[in-house]
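1. Below: sequence and its predicted model.
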Amino acid sequence: MPKQPLILKFKISYQNGVADQHHLDMYDAAISYLGFSKALNITIGAILNKKVKVKGNHNSGFEVYLETSNKGSFEQIVTVVFSDPTVSTVILGATGSALWEGVKYVFGGLLGQMQPEPPKKIMERIEPIFEELNQALETPLNEAHRPIVSDERVEIEVTSGRKPGTLKLDKKTLKEISQTDIR
């Protein structure tokens, strides 16, 4: 019997400011989702394939899906499905926790939120491409902040199910990642 593919879920939550009024500017939200899409695709692809790919939206070994929004909130579930369960389990662990640790480590470094090092098998994949990966993520993580550019009270949290740790984007992380105005 074939193994089930490994699935990892992320939750992106927009809170405070205009988000508490049950709306976000559509353009800002679209740019933010695009930034998160690029950042997740680049980071997961780099960890899986030991190579940073910034062009195109197709990565080998996984697909990233946007799930339906939760009614009455700005919580968006993003599902990553890994096509080869054997490879993904060996690299990422049976639950994907190692990958979440890698994503937090890479994003956190750019956002000024130092995170503990991920497991050795993930760190060995990140280290050789770390600088290139950081460069590739600057623009997407800047774009992910777009609603904060329009309303600095907005905060964005990224979590992964019951796995420990949260990445929080706010006006401090926008300042950390921004070198230019994205308006």
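-> Arrived safely, thanks for sending.
2. Make sure residue 156 is actually in contact with residue 32.
-> Yes: between residue 156 and residue 32 a contact is recorded at 7.3 Å, counting by C-beta atoms under 8 Å. C-beta: built from backbone N, CA, C; applies to glycine.
3. list the residues that contact both of those two?
-> 14, 144-145, 147 (C-beta atoms under 8 Å, 6 or more residues apart in numbering).
4. Looking at the residues you listed, state which has the most neighbours.
-> Counting neighbours by other C-beta atoms under 10 Å, residue 144 leads the shared contacts of residue 156 and residue 32 with 30 neighbours.
5. who touches it in this structure?
-> Per C-beta under 8 Å, 6+ apart, neighbours of residue 144: 32, 35-36, 39, 156, 169.
6. what's the next secondary structure element after the helix ranked longest in the chain?
-> In the chain, assigned by DSSP state H, the helix with the most residues is helix 26-49. Where DSSP states H and E defines the elements, the next helix or strand beyond helix 26-49 is strand 62-66.
7. Give me the sheet partners of that following strand and which way each runs.
-> Here strand 62-66 has these sheet partners by DSSP bridges: strand 75-82 (antiparallel).
8. Below-threshold pLDDT in the chain: ranges please.
-> Where the chain drops to pLDDT under 70, the residues are 1-3, 56-58, 72, 85-95, 179-183.
9. Tell me which residue lies nearest the centroid of it.
-> residue 40 (4.2 Å; C-alpha atoms, centre = their mean).
10. circling back to that earlier point, by contact count, what packs against the longest helix of the chain?
-> strand 7-15, strand 62-66, strand 75-82, helix 85-92, helix 97-111, helix 120-126, helix 130-144, helix 146-150 (3 or more C-beta pairs under 8 Å, 6 or more residues apart in numbering; DSSP states H and E).
11. if we go to 6 Å?
-> On a contact count with 3 or more C-beta pairs under 6 Å, 6 or more residues apart in numbering; DSSP states H and E, helix 26-49 meets helix 97-111, helix 130-144, helix 146-150.
12. out of those, nearest to residue 27?
-> helix 146-150 (7.9 Å; C-beta to C-beta).
13. Tell me the first helix or strand C-terminal of the closest one.
-> strand 155-159.
14. Give the partner strands of that following strand in its sheet and their orientations.
-> The pairing partners recorded for strand 155-159 under DSSP bridges are strand 7-15 (antiparallel), strand 167-169 (antiparallel).
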